[in-house]
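J.: Coordinates only, no sequence provided:
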């Protein structure tokens, strides 16, 4: 029997419950037979993998490897993934460096098949990938209950990593804008419409920075190295998301009332 994460409330109350019970829920989730089979197999076999070709040839290993980076949708794109992995990341022309989705860069960098000794030969590597895989799988399961909670979990994981990277602040903001889950969370948290994505990219950057300064007290992505600041962002996102949902329900109810008042009773009886 599969375990489904428990999120009994919506909005910030639901997030508070989820964070309080996170460790217990994660443990129950990862103890499922299917998850254990995947991770046990990965731990046992990954040490025998020395090339990108070795990895993509074993579908069970590839499932965990891709799942750890949120790329499980590419499980059937073996030649593409092999190219990403075998190229590596050391040269600007390497495929992972040219793809907009930086998860491919993280995948190639983690396995390091372009180095003399790939990461698969390091004793701690299996546990690192398994931990990432379990976290991603748990987030997916949470998403089946609440997409807002999944976006919040993704932000908590990704923003801490992004904040610590040795790159310019503008580059970090462009990374956020290029990530669909992070963009969605920030746009909602900052009260920006869906049409925001259609304006000039430099304008998007400026708006994000000014809104961050207005709502969080700093325009820099480096602030998210502080878990408390990430928590403030998530709280803002969930509260605004709830407001939008209530407004949508209220608008729908108002529209229904207008429709009912405008329609002849005999038509309403046929619609009922």
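T.: That came in fine, so what should we check first? Note that the coordinates shown come from a computational prediction; the quantities given were computed from them, not determined experimentally. Numbers count the residues shown, from 1 in each chain.
J.: mind checking pLDDT for the most centrally placed residue in the chain?
T.: Centroid-nearest residue in the chain: residue 154, 3.8 Å away (criterion: Cα atoms, centre = their mean). For residue 154, the pLDDT comes out at 95.
J.: mind listing what it touches?
T.: Each residue near residue 154 by Cβ atoms under 8 Å, 6 or more residues apart in numbering is listed here: 139, 181, 182, 185. In short, each C-beta sits where N, CA and C put it, glycine included.
J.: Work out for me the element it sits within.
T.: helix 147-163 (DSSP states H and E).
J.: Next SSE downstream of that helix?
T.: Heading C-terminal from helix 147-163 (DSSP H and E), you reach helix 169-178.
J.: And that following helix, what does it pack against?
T.: Applying 3 or more Cβ pairs under 8 Å, 6 or more residues apart in numbering; DSSP states H and E, one finds that helix 169-178 contacts helix 147-163, helix 180-189, helix 201-216.
J.: can you tell which of those helices is closest to residue 230?
T.: Proximity to residue 230, assessed across those by Cβ to Cβ, is greatest for helix 147-163 (5.4 Å).
J.: in the closest one, what counts as buried?
T.: Neighbour-count burial for helix 147-163 flags 148-156, 158-159, 162-163 (criterion: 16 or more other Cβ atoms under 10 Å).
J.: what does stretch 178-198 give?
T.: Buried residues in stretch 178-198, counted by 16+ other Cβ under 10 Å: 179, 181-190, 192, 196.
J.: returning to that earlier point: return the distance of the helix holding residue 154 from the chain's centre.
T.: In terms of Cα atoms, centre = their mean, to the nearest Å, the centre of helix 147-163 is set 6 Å apart from its chain centre.
J.: between it and helix 169-178, how big is the angle?
T.: Angle of helix 147-163 versus helix 169-178, following axes from the mean of the first three to the mean of the last three Cα atoms, to 10 degrees, is 160 degrees.
J.: Name the next helix or strand downstream of the helix or strand hosting residue 81, please.
T.: Here residue 81, judged by DSSP H and E, is contained in helix 78-87. For helix 78-87, the following helix or strand on the C-terminal side (DSSP H and E) is helix 95-98.
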